[in-house]
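Chemist: From the sequence below, what's the structure:
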Amino acid sequence: MYEHIVLFKFNNSGTAEKQEEVIQTVNSFKTSIPGIIELSAGINVTEEVENKNGYTLGIRITFEDKQASRNYFHHPLHQQFLQNAGSLIESVIVVDYPFH
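Modeler: Numbers count the residues shown, from 1 in each chain. Take a look at the predicted model:
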């Protein structure tokens with residue numbers, strides 16, 4: 001299996017409503033993009049505010065394998081998401097790793 005973790009830091013355009021739209025869009029990927037085993041997305045509610053660094057939304061996707069992750073990246077729904085959300089996002093952190 002292959003894990004994909006993404007953290008978003010939104011700019012001033014990234015209102016709470018826009019962030020919720022991002023979550024809804026990402027959640028729709030589970031039933032629309034092949035190779036996804038698990039998916040969760042949500043607002044960062046950590047109490048470790050000193051470690052938050054402005055990142056307010058997290059996404060975790062478990063794929064069948066690395067190839068499924070590659071296919072996801074190029075999938076038209078994901079590409080459309082990147083174009084639509086790009087204007088809202090100041091910074092992104094991505095962590096990918098295989099696991100058993």
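
Chemist: use CA for all of it now, contacts and neighbours both
Modeler: OK.

Chemist: Tell me, how many residues neighbour residue 59?
Modeler: Neighbour count for residue 59, taken as other Cα atoms under 10 Å: 19.

Chemist: in which helix or strand would I find the nearest residue to residue 55 once chain neighbours are set aside?
Modeler: Leaving aside its chain neighbours, residue 55 sits nearest to residue 9 (4.2 Å; criterion: Cα to Cα, 6 or more residues apart in numbering). Assigned by DSSP states H and E, residue 9 falls within strand 2-10.

Chemist: Can I get that strand in CSV, CA atoms only?
Modeler: These are the backbone C-alpha positions of strand 2-10, laid out as CSV (Å, rounded to 0.1, in the frame of the first residue of the first chain):
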residue,chain,number,x,y,z
TYR,A,2,1.0,3.6,-0.5
GLU,A,3,0.2,6.6,1.8
HIS,A,4,-0.3,10.1,0.5
ILE,A,5,-0.5,12.9,3.1
VAL,A,6,-1.1,16.6,2.1
LEU,A,7,-1.2,19.6,4.3
PHE,A,8,-2.6,23.0,3.1
LYS,A,9,-1.9,26.5,4.3
PHE,A,10,-4.6,28.7,2.8
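
Chemist: in its sheet, what does that strand sit against?
Modeler: Its sheet considered, strand 2-10 pairs with strand 57-63 (antiparallel), strand 89-98 (antiparallel) by DSSP bridges.

Chemist: and these as a markdown table, adding mean pLDDT?
Modeler: Converted to a markdown table, the strands paired with strand 2-10 look like this (pLDDT from 0 to 100):
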| stretch | mean pLDDT |
| --- | --- |
| strand 57-63 | 98 |
| strand 89-98 | 97 |
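
Chemist: Most tightly packed of those strands?
Modeler: Highest mean neighbour count among the strands paired with strand 2-10 (mean count of other Cα atoms under 10 Å): strand 57-63, with a mean of 21.

Chemist: and that one, how far out from the chain's middle?
Modeler: Distance of strand 57-63 from its chain centroid, counting by Cα atoms, centre = their mean, to the nearest Å, is 5 Å.
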